[in-house]
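In: have a look at this prediction, sequence included:
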Amino acid sequence: MAATYEPIATTTLGSAQADVTFNSFSGYTDLVLVYAVKTVTANVDMNCRLNGDTGSNYSSVLLSGTGSAAASTLVSNGTFAYLNWYGYPSTNNNSNAIINFLNYSNSTTYKTIITRANNANNGTNAGVNLWRNTNAITSIKLYASSGNLDTGSTFTLYGITAA
């Protein structure tokens, strides 16, 4: 089965801001979000909320490594999806990530989010998140756990159509 990535929207921050939200997408099988982010506060996590949901409806599993150490973490009943752990952004190095939102418009299943993030100075991680909601995803909000996303950070959302 062939899949086609279509760019939906790209945002490059002209100034520091608290978050980036995508809320105009439809007609795709899956969504892929790619970012290169710096933050104004050192060593913070990148997080995601779907459809403005701040309830305890997210579960996250992350596997991380630094090249000399490995770790894992599990969060049940979280209020957001974790996008990174050791792959976190910093004030002087980008965190680069690819985030897959699988079957985002299905209205009968919970939503799965697969993440891969890295920062050359800190480490890398892979993760799986579950949003325990059967609603279609209509809004994706990305934000740092503290402080702002820095000027020059870029975010691109792609839609995938399966042939």
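Out: Looks like it arrived, so ask away. Numbers count the residues shown, from 1 in each chain.
In: contacts only, for Glu6.
Out: Tyr28, Tyr158, Gly159, Ile160, Thr161 (C-beta atoms under 8 Å, 6 or more residues apart in numbering). Heads up, the C-betas are built off the backbone N, CA and C, glycines and all.
In: ok, Leu83 to Glu6 distance?
Out: Using C-beta to C-beta, to the nearest Å, Leu83 is found at 22 Å from Glu6.
In: quick one: mean pLDDT over the host helix or strand of Cys48.
Out: Here Cys48 sits within strand 46-50, counting by DSSP states H and E. What strand 46-50 shows for mean pLDDT is 96.
In: what helices or strands is it leaning on?
Out: Counting contacts by 3 or more C-beta pairs under 8 Å, 6 or more residues apart in numbering; DSSP states H and E, strand 46-50 packs against strand 81-82, strand 95-102, strand 111-119, strand 140-144.
In: tell me which of those strands lies nearest to Gly52.
Out: strand 140-144 (7.2 Å; C-beta to C-beta).
In: to the chain's geometric centre, what's the distance from the closest one?
Out: 7 Å (C-alpha atoms, centre = their mean, to the nearest Å).
In: let me know the next secondary structure element after the strand holding Cys48.
Out: strand 58-65.
In: so how far is that following strand off the chain centroid?
Out: Its chain's C-alpha centre and that of strand 58-65 lie 12 Å apart, by C-alpha atoms, centre = their mean.
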